[in-house]
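Trainee: the amino acid sequence is not available; the structure is as follows:
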């Protein structure tokens, strides 16, 4: 069964600290993995995308890693800011399909950055 | 902004009402999607349209009726909804293979927060 599991479900950190969010998946055949950031009351916005051959991708203070062998990904946030407070969603695509059914969404990790 | 707009942003309706959600994309994409996002659950795909034709219906109850008059606009008509239909409804659009990158990325609108009383 194609599943995407994220942990932790929620996280509270102090401003300026680093944190790491986890994503484990069983989706097959694998095409790519995206991390989205969803602010409260907004739609998800893509942060990074990684294909099978990529094991790390950065976007500013966000760094995503991918281990396609163990089917695990992480999103590391450096020097967190209050604006990082959001839900972070891991999305894994199955290959050879343009259908919306090819996307498998995690439940998301809710991050709160406090002053 | 992502180039995908949705109206209204908030909607409260009774179970006997009829209302419509609207989505518009300004990205030149040819695929559009409706998703339902409930608390503590992953996004659930509802409908997919490619070049104005419905290509996916993920076993959605008939009280939800989509309409795609052209590649830029997508509607979701609602009637006789249930309280459990209360959720954030997200619209997304995507380019087609062979187009400019990131052609296979979905761009989401801000969503409509729906409350059914």
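Mentor: Everything's here; your move. Since this is a predicted model, take the numbers as computed values, not measurements.
Trainee: what number of residues are in the vicinity of residue B:18?
Mentor: Neighbours of residue B:18 under the rule other Cβ atoms under 10 Å in any protein chain shown: 12. The C-beta positions use only the backbone N, C-alpha and C, and glycine is treated the same way.
Trainee: and for the one 5 residues further on?
Mentor: Using other Cβ under 10 Å as the criterion, residue B:23 is surrounded by 26 other residues.
Trainee: so who does the residue nearest to it when sequence neighbours are not counted touch?
Mentor: Nearest non-adjacent residue to residue B:23, counting by Cβ to Cβ, 6 or more residues apart in numbering or on different chains: residue B:91, 3.4 Å away. Neighbour list for residue B:91: A:43, B:4, B:6, B:21, B:23, B:25, B:32-35, B:74, B:108-109, B:111 [criterion: Cβ atoms under 8 Å, 6 or more residues apart in numbering or on different chains].
Trainee: where does pLDDT dip in chain A?
Mentor: Low-confidence segments of chain A (pLDDT under 70): A:96-101.
Trainee: returning to what we had before: next up, phi/psi of the residue nearest to residue B:23, please.
Mentor: Dihedral pair for residue B:91: phi -110, psi 150, per degrees, to the nearest 10.
Trainee: from memory residue B:34 sits against residue B:89, does it?
Mentor: Yes: using Cβ atoms under 8 Å, residue B:34 is in contact with residue B:89, at 6.6 Å.
Trainee: of the two, which one has the most company?
Mentor: residue B:34 (26 against 22).
Trainee: distance of the more buried one from residue B:67?
Mentor: Computed as Cβ to Cβ, to the nearest Å, the residue B:34 to residue B:67 distance reads 11 Å.
Trainee: need the overlap of contacts for the two.
Mentor: B:74, B:76.
Trainee: would you mind naming what in chain A lies close to chain B?
Mentor: A:4, A:32, A:34, A:36, A:41-46, A:49, A:89, A:93, A:98-101, A:103-108 (Cβ under 8 Å from any Cβ of the partner chain).
Trainee: tell me the bridge partners for the residue minimising distance to the centre of chain B.
Mentor: By Cα atoms, centre = their mean, chain B has its centre lying nearest to residue B:34, at 2.7 Å. Counting by DSSP bridges, residue B:34 is bridged to residue B:47, residue B:91.
Trainee: which residue packs closest to the residue in chain A that chain B sits nearest to, ignoring adjacent ones?
Mentor: Nearest residue of chain A to chain B: residue A:43, at 3.2 Å (Cβ to the nearest Cβ). Spatial nearest neighbour of residue A:43, chain neighbours left out: residue B:108 (3.2 Å); criterion: Cβ to Cβ, 6+ apart.
Trainee: you'd agree that neighbour is up against residue B:88?
Mentor: No: if you go by Cβ under 8 Å, residue B:108 and residue B:88 don't touch, sitting 10.6 Å apart.
Trainee: when these two are compared, which one has more neighbours?
Mentor: Taking other Cβ under 10 Å, residue B:108 and residue B:88 do not tie; residue B:108 has more neighbours (23 against 19).
Trainee: contacts only, for the residue of chain A closest to chain B.
Mentor: Residues in contact with residue A:43, defined by Cβ under 8 Å, 6+ apart, are B:2, B:4, B:6, B:90-92, B:108-111.
Trainee: near chain A, which residues of chain B? Just list them.
Mentor: So far as Cβ under 8 Å from any Cβ goes, chain B lies against chain A at B:2, B:4, B:6, B:9, B:31, B:33, B:40-43, B:45, B:48, B:50, B:55-56, B:58, B:90-92, B:96-97, B:102, B:104-111, B:113.
Trainee: residue A:14 bridge partners, please.
Mentor: When assigned by DSSP bridges, residue A:14 has beta-bridge partners residue A:114.
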